[in-house]
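>>> Predicted model and sequence follow; I will ask about them next.
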There are 2 protein chains.
Amino acid sequence: MSKLSHISQFLKQSGTDAAFISTPDNVFYISGFRSNPHERLLGVFVFSDETAMMVLPKMEVPDAKAAGWKYDIIGHEDTDNAWNLVQEYIANKQNSLGTLAIEKTHVTVDRYEEIQRILPSATISGIDDTLNSLRLKKDNSELAILRKAAEFADYAIEVGVSEIAEGKTELEILQAVEAALKAKGITHMSFDTMVLSGPKTASPHGKPGSRKIQKGDFILFDLGVVYEGYCSDITRTVAYGEPSDEQRKIYETVLQAEQAAVQLVKPGVTAKNLDLTARDIISKAGYGEFFTHRLGHGLGISVHEFPSITSTNEMELIEGMVFTIEPGIYVPDVAGVRIEDDVVVTKDGVEILTKYPKELVIIPAD
Amino acid sequence: MSKLSHISQFLKQSGTDAAFISTPDNVFYISGFRSNPHERLLGVFVFSDETAMMVLPKMEVPDAKAAGWKYDIIGHEDTDNAWNLVQEYIANKQNSLGTLAIEKTHVTVDRYEEIQRILPSATISGIDDTLNSLRLKKDNSELAILRKAAEFADYAIEVGVSEIAEGKTELEILQAVEAALKAKGITHMSFDTMVLSGPKTASPHGKPGSRKIQKGDFILFDLGVVYEGYCSDITRTVAYGEPSDEQRKIYETVLQAEQAAVQLVKPGVTAKNLDLTARDIISKAGYGEFFTHRLGHGLGISVHEFPSITSTNEMELIEGMVFTIEPGIYVPDVAGVRIEDDVVVTKDGVEILTKYPKELVIIPAD
């Protein structure tokens, strides 16, 4: 059954007349058409009778058709009010539209007001949870793509580690990594590549800059690629020159926490169980206050997607879920370490997509 | 007066108690702090008494402070409901908050529902127009940055044109351009760089790929850089080998349209006047149906910002506005040409920021 049919099915079962799918990632999920419309209106109306209509900037209509869109299309120009075109379409299609489900986490208040204007008698509900559940379980073709995306992430770490040398800047290493990926046909990273060194590793969201690699540094890589519309996301931390005892202790604690969480993955285990297992290990080593973020997040078409792997999420893992496991310890002015893998929940355990070694790599310094 | 004071001023004048500013670009505009919070909550509450509070992921608090944020801060963890923390803060700060202005073009329905939940008695209005007006007129320091951003865009075109050679792919040329920019310290492009060749130039939103340059191709570059938080955006189209008569005619028509619109720019002229001037020239040459988009868009912190330069926008230009002028003609299976400059409205005319030549450049083919 196609992804679009799944949504029609849900609409029929829930007694909803139509859904408006507007997140570019969800539009891609159901149509194969990838677009960044900026402020222009893009979305797919799915109806309970298994018909659909895409509304998009007129100049992208040929691209949507080339991507395989076979249903109705409304192409709007910059001088059109696209919502009025949608109103006409719906009026022609059916006498009334009593209920409409929207992505409440994506539709903005101004668009919500437009929807209320053109469909004044419609009851509006949310379809976010349904889309999250649909995207949660990856099918075999999605998993094959995600495996390949993770392979490129491993390769990127390999290149990054091989580029480390005294006096090189974070940005120089970053550029070498991205150039190597481009040479392999990767045109997009799944987020801004992070190469941080020395004390900067202690900022979980730090920005690479012109700091030069020095003996005794940790170097932290956090990166991922977009491959056929799907994301990978890996973090590795390596040492340049002999690490101090404290650096070693931080590294080994994170590694132990990461491995413990990964080994726990199988259907039926809860998300919070994973997070708390890693968090306990870190707390017992005395670094609890320095693990300042959740354990991980869903991964797929979006680099951060449903669900969030937190200490309070009681959701049970199911086969086919893909998410990251990425504990970290960030001690200000000392060092930060994060180790991150992408994992798949299998029938009775876990498949680890990212394969770059996790034992502490020490690059000899002169 | 600081940008934050401007907003407080507006709140006082309009009898609004507070504003919630949540677009990452607007948060940067008023605070100098740039963040991409993904699905996490980021925003600044500005109050009419010139106080303010930023709510953001806890792990980014040090970065916000380092960027110069001196007001209150709420750092939330992944297990917090950030809105509840906001509710407590507001309850402690003042007895009641009767009116709140939000960015209706950014706040999503689910967040709107959260705001209504934590502030059940507040009247909610939009502050989008006010922020648009504030950002519309660039001050001298912003203009200095935009000039520099445009210089880098010119340089990128120079590199791109010098890389054109028979058999090279669009992606190879693109990579050479971005590598040259990175070597100059540019870490972000303002959007995905476009290098299109041959018939692909006829798709205004086409994607660069492995097509190889051939004799007789037009090659279209559309790109821009982010420099100190501000964007540039340039398009140039060049020929590889002698163009056909039709290619020449298309090029000369676009050039004439572009120049006519640029020459018209000065305070008091309407946006639609610019668009229609260019559109008329293209229509009279017989290509009206192939100019499928607006003439241009505002430019600044966002690569597409207020206002839209369309055939129906009656807004009058004012000194300090910065926008693009980018007519194009896209004849399917023949060729596409777009020429785009970034311009500033000066006291009595126009300053053109992008300076790469616009006469048709013909690269000799063997």
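Ah, there it is. Residues are numbered from 1 along each chain as shown, chains lettered A, B, ... in the order given.

>>> use CA for all of it now, contacts and neighbours both
Noted.

>>> For the residue nearest to A:Phe20 when sequence neighbours are not counted, give me its contacts.
Spatially, and ignoring its direct neighbours in sequence, A:Phe20 is nearest to A:Phe45 (4.6 Å; C-alpha to C-alpha, 6 or more residues apart in numbering or on different chains). A:Phe45 is in contact with A:Ala18, A:Ala19, A:Phe20, A:Ile21, A:Ala52, A:Met53, A:Met54, A:Val55, counting by C-alpha atoms under 8 Å, 6 or more residues apart in numbering or on different chains.

>>> Helices - which of those residues land there?
Of those, none are assigned to helices by DSSP state H.

>>> Present those residues as a markdown table; the columns should include pLDDT and neighbour count.
Formatted as a markdown table, those follow (pLDDT from 0 to 100; neighbours: other C-alpha atoms under 10 Å in any protein chain shown):
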| residue | pLDDT | neighbour count |
| --- | --- | --- |
| A:Ala18 | 96 | 26 |
| A:Ala19 | 97 | 26 |
| A:Phe20 | 98 | 22 |
| A:Ile21 | 98 | 24 |
| A:Ala52 | 97 | 21 |
| A:Met53 | 97 | 20 |
| A:Met54 | 98 | 25 |
| A:Val55 | 98 | 21 |
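
>>> Please narrow these to those residing in strands.
If you go by DSSP state E, those have A:Ala18, A:Ala19, A:Phe20, A:Ile21, A:Ala52, A:Met53, A:Met54, A:Val55 in strands.

>>> interface residues of the stretch 251-366 of chain A facing chain B?
Within the stretch 251-366 of chain A, the residues that sit near chain B (C-alpha under 8 Å from any C-alpha of the partner chain) are A:Thr292, A:His293, A:Arg294, A:His304, A:Thr310, A:Ser311, A:Thr312.

>>> Looking at the residues you listed, which is nearest B:Val225?
Nearest to B:Val225, judged by C-alpha to C-alpha, of those is A:His304 at 25.7 Å.

>>> Output the residue of chain A whose distance to chain B is smallest.
Chain B sits closest to A:Thr108 of chain A, with a gap of 4.0 Å, by C-alpha to the nearest C-alpha.

>>> Which strand residues bridge that residue?
Bridge pairing for A:Thr108 (DSSP bridges) gives the partners B:Thr108.

>>> I'd like the mean pLDDT over stretch A:140-147, please.
Regarding stretch A:140-147, the rounded mean pLDDT is 97.

>>> do the same with stretch A:322-333
Taken as a whole, stretch A:322-333 has a mean pLDDT of 96.

>>> Quick check: buried residues in that stretch?
Within stretch A:322-333, the residues scored as buried using 16 or more other C-alpha atoms under 10 Å in any protein chain shown are A:Val322, A:Phe323, A:Thr324, A:Ile325, A:Glu326, A:Pro327, A:Gly328, A:Ile329, A:Tyr330, A:Val331.

>>> State the helix or strand in which the third one lies.
In this case it means A:Thr324. strand A:322-325 (DSSP states H and E).

>>> Remind me what that strand packs against, helices and strands.
helix A:245-264, strand A:296-298, strand A:341-345 (3 or more C-alpha pairs under 8 Å, 6 or more residues apart in numbering or on different chains; DSSP states H and E).

>>> contact partners of the following helix or strand past that strand?
Per DSSP H and E, the first helix or strand lying C-terminal to strand A:322-325 is strand A:328-331. Strand A:328-331 has contacts (C-alpha under 8 Å, 6+ apart) with A:201-204, A:250, A:254, A:282, A:287, A:290-292, A:336-339.

>>> And the next helix or strand past strand A:328-331?
Following strand A:328-331 toward the C-terminus (DSSP H and E): strand A:335-338.

>>> Alpha carbons only: can I get that next one in CSV?
Output of strand A:335-338 as CSV, limited to C-alpha atoms (Å, rounded to 0.1, in the frame of the first residue of the first chain):
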residue,chain,number,x,y,z
ALA,A,335,36.8,18.7,27.7
GLY,A,336,33.7,17.4,26.0
VAL,A,337,33.1,13.9,24.6
ARG,A,338,30.1,12.6,22.7
